[in-house]
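S.K.: whatever this is, show me its structure:
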Amino acid sequence: MKDLKFAASVLNMAILISLSISCSGAGPPGGSANLRGAAAGQTRAPCVPGAVANGKAPVAGAADPQQRLSLAIHLPLRNQAELNQLLHDLYDPKSPKFHKYLSVAEFTERFGATEADYSAVVTWAKANGFSVIATTPNRRLLAVECSVNTVNRAFHVSIKNYRHPTEKRIFYSPDREPTLRGLRVPLLQITGMDNYVLPHSMLQHKVVAKVAKGSGPSGEYLPSDMRAAYYGNGPLTGAGQSIGIFSFDGYLASDVQLYYSTTGMSSTVPITNVLVGGFSGACTTVTSPTSSACDDGEQVLDIVNAIGMAPGITQILFYEGSRNTEILNQMATDNVAKVLSSSWGWDPADAPSDEPIFQEFAAQGQSFVNASGDQGGFNSSTYAFPEVDPYVTQVGGTDLTTTGPGGPWSAETGWPQSGGGYVKGTPIPSWQQLKGVINSSNRGSKTLRNSPDVAAESNFDNPTVVNGRYVTGFGGTSFAAPRWAGFLALVNQQAEANGRGTVGFINPTLYNIGISKSYPGVFHDVTKGGNPPAAGGGSGFSAVPGYDLVTGWGSPAGVGLINQLAGASAVGGGH
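M.R.: Numbers count the residues shown, from 1 in each chain. Sure, this is the predicted structure:
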């Protein structure tokens, strides 16, 4: 393998990216915005939505002063240069620190806010009328509840209702940036003061003429088909591993069982629900959680597809809540699931406060895979955070063909709706600067972070269950992300058997593999298809030999890739 060029200087750039993204979608697609200093009484990241700041969202009246809000007060990391160097060393095979990951306590001691600063923020919050709901072991954030009136008084803002400029709804937001008096601790961000952006899953539905060659009803693909296509019939099952799934909503356990009973599959893997930030666990529709029926198609498919690829894992930890940063932080502070999967976007809302958590994942040996989106090539209408985050493995979509039900991989093309491209404000990481990655054929950016990194089956030939109904014709990179999560559980099983520890943040290794002679034997290189954007400008990109902005390096070719990531098998064979 070629030298691992995971330079600390580029990581430094990535940190600056995270601090230049507004909390509610101001600025261009990548979220670039002017930063304020971290002086006492200020936050580093602006928190007023761009539509409010530029006057494009008309005022619709004052918010109810007694309306309850759930906020998170975020503190910045310390010793960033030291963390950059550590992340370099953890993923450099030549370093004596290679894969010697930190515990939560070690990460907090070296890079979290000091105990004194964290205590000062808690004291300030209580003194200003906030109810402290939760503190966090890594001292990253403080969860509080309060009335609109309390927010207005404590942060010297006026929470108002506004008409959304692009959606038919009213949202609330502060009318100016918050200021905090009497607190000498600099803050990173305050989230929860607006609901300008609503999260959405990457699940899509469409009736298509193509009939797949899967094992399910109507020939649709089941998770077992994905395991056969991308791994084979070897002995790896993910034994000893846990997978964490990120969700903005709950699900019905009966729907998971209905999926199995309808398809003839079965599973004994326990599913442990982790309710974050007071979330009730109810299954609703995210866009209208107080007055809607259960819509858990995304949640069910995430669970069954992760298990299907790795049927012997110890457990699924299903993290559900209403605020992304708090869900992510719970995943980090639990530090139980070493593979984490998300099929949601939130454009970019709390990007500055999410980025330090993605870094903590990497420092603790946790892999985070994310669906790259279902609207084709990125532009201001099709991109959603965190689809170009530099610490996340982005998973695009393909259209898979197998030899038959339960059969091996036969062919694959780029899925037309696979999210891919680049956006302003996110500099290219060093592993994408390796010679041979970006070229005139793939039309990738030489200055910005390109997405996706890898891909898997996402076409409209997959089933799920929604509120007691088994449904077909579903697709999306929603399916691709948990499939990669399951695959990485297999990788971790073999890596730990080899005494190497979990693989953690895999991108530096993936790109070195991609430009090496071993690439053809470890990836299915997808060379056909394109992803024109579903809305907005641009033509999208084409799948080409090697890396591209439709399918990344392609889909996993079973044991070959596992051996590259985990070392030669100490468990057994594969295909």
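
S.K.: please count neighbours and contacts with C-alpha atoms only from this point.
M.R.: Noted.

S.K.: centre of the chain to the longest strand seen in the chain, how far?
M.R.: Scanning the chain for the strand with the most residues, using DSSP state E, yields strand 393-402. Centroid displacement of strand 393-402 relative to its chain, using C-alpha atoms, centre = their mean, to the nearest Å, is 16 Å.

S.K.: partners of the next helix or strand after it in the sheet?
M.R.: Of the helices and strands lying after strand 393-402 in sequence (DSSP states H and E), the nearest is strand 409-414. As defined by DSSP bridges, the strand partners of strand 409-414 come to strand 393-402 (antiparallel).

S.K.: quick check: mean pLDDT of the strand it pairs with?
M.R.: Average pLDDT, strand 393-402: 97.

S.K.: list the contacts of residue 394.
M.R.: Going by C-alpha atoms under 8 Å, 6 or more residues apart in numbering, residue 394 touches 369, 370, 371, 372, 387, 388, 451, 452, 453, 454.

S.K.: dump those into JSON lines; add distance to residue 206 and neighbour count as well.
M.R.: Formatted as JSON lines, the contacts of residue 394 follow (distance: C-alpha to C-alpha, whole Å; neighbours: other C-alpha atoms under 10 Å):
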{"residue": "369", "distance to residue 206": "25", "neighbour count": "28"}
{"residue": "370", "distance to residue 206": "22", "neighbour count": "31"}
{"residue": "371", "distance to residue 206": "18", "neighbour count": "32"}
{"residue": "372", "distance to residue 206": "19", "neighbour count": "41"}
{"residue": "387", "distance to residue 206": "23", "neighbour count": "32"}
{"residue": "388", "distance to residue 206": "26", "neighbour count": "29"}
{"residue": "451", "distance to residue 206": "24", "neighbour count": "29"}
{"residue": "452", "distance to residue 206": "23", "neighbour count": "31"}
{"residue": "453", "distance to residue 206": "25", "neighbour count": "27"}
{"residue": "454", "distance to residue 206": "24", "neighbour count": "30"}
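
S.K.: and those residues, which of them are in strands?
M.R.: Applying DSSP E to the contacts of residue 394, the entries found in strands are 369, 370, 371, 454.

S.K.: with respect to residue 443, which of these is nearest?
M.R.: Among these, residue 454 lies closest to residue 443 (C-alpha to C-alpha), at 16.7 Å.

S.K.: OK, contacts around the closest one?
M.R.: Counting by C-alpha under 8 Å, 6+ apart, residue 454 has contacts 393, 394, 395, 396, 551, 552, 553, 554, 555.

S.K.: same deal with residue 556?
M.R.: By C-alpha under 8 Å, 6+ apart, residue 556 lies in contact with 230, 231, 456, 522, 523, 524.

S.K.: have a look at this protein and report its longest helix.
M.R.: With DSSP state H setting the assignment, residue counts place helix 477-497 as the longest helix in the chain.

S.K.: picking up where we left off before, top of the contacts of residue 556 by number of neighbours, please.
M.R.: The most crowded member of the contacts of residue 556, judged by other C-alpha atoms under 10 Å, is residue 456 (30 neighbours).

S.K.: quick one: it and residue 221, what's the gap?
M.R.: 12 Å (C-alpha to C-alpha, to the nearest Å).

S.K.: same question, residue 361
M.R.: In this structure, residue 361 and residue 221 are 32 Å apart, going by C-alpha to C-alpha.

S.K.: same check on residue 212?
M.R.: 7 Å.

S.K.: of these two, which one has the most company?
M.R.: Counted by other C-alpha under 10 Å, residue 212 and residue 221 do not tie: residue 221 has more neighbours, with 27 against 21.

S.K.: the nearest residue to that one once chain neighbours are set aside in helix, strand or coil?
M.R.: Leaving aside its chain neighbours, residue 221 sits nearest to residue 214 (4.1 Å; criterion: C-alpha to C-alpha, 6 or more residues apart in numbering). The three-state assignment at residue 214 reads coil, by DSSP: H, G, I helix; E, B strand; the rest coil.

S.K.: contacting residues around residue 214?
M.R.: Residue 214 makes contact with 220, 221, 222, 225, 402, 404, 405, 406, according to C-alpha under 8 Å, 6+ apart.

S.K.: by neighbours, which of these wins?
M.R.: When these are compared by neighbour count (other C-alpha under 10 Å), residue 221 ends up highest, at 27 neighbours.

S.K.: part of a helix, is it?
M.R.: No: assignment of residue 221 by three-state DSSP gives coil, placing it outside any helix.

S.K.: what's it sitting at in phi/psi?
M.R.: Main-chain dihedrals, residue 221, degrees, to the nearest 10: phi -80, psi 140.

S.K.: how close does it get to residue 420?
M.R.: From residue 221 to residue 420 the distance is 24 Å (C-alpha to C-alpha).

S.K.: thank you, goodbye.
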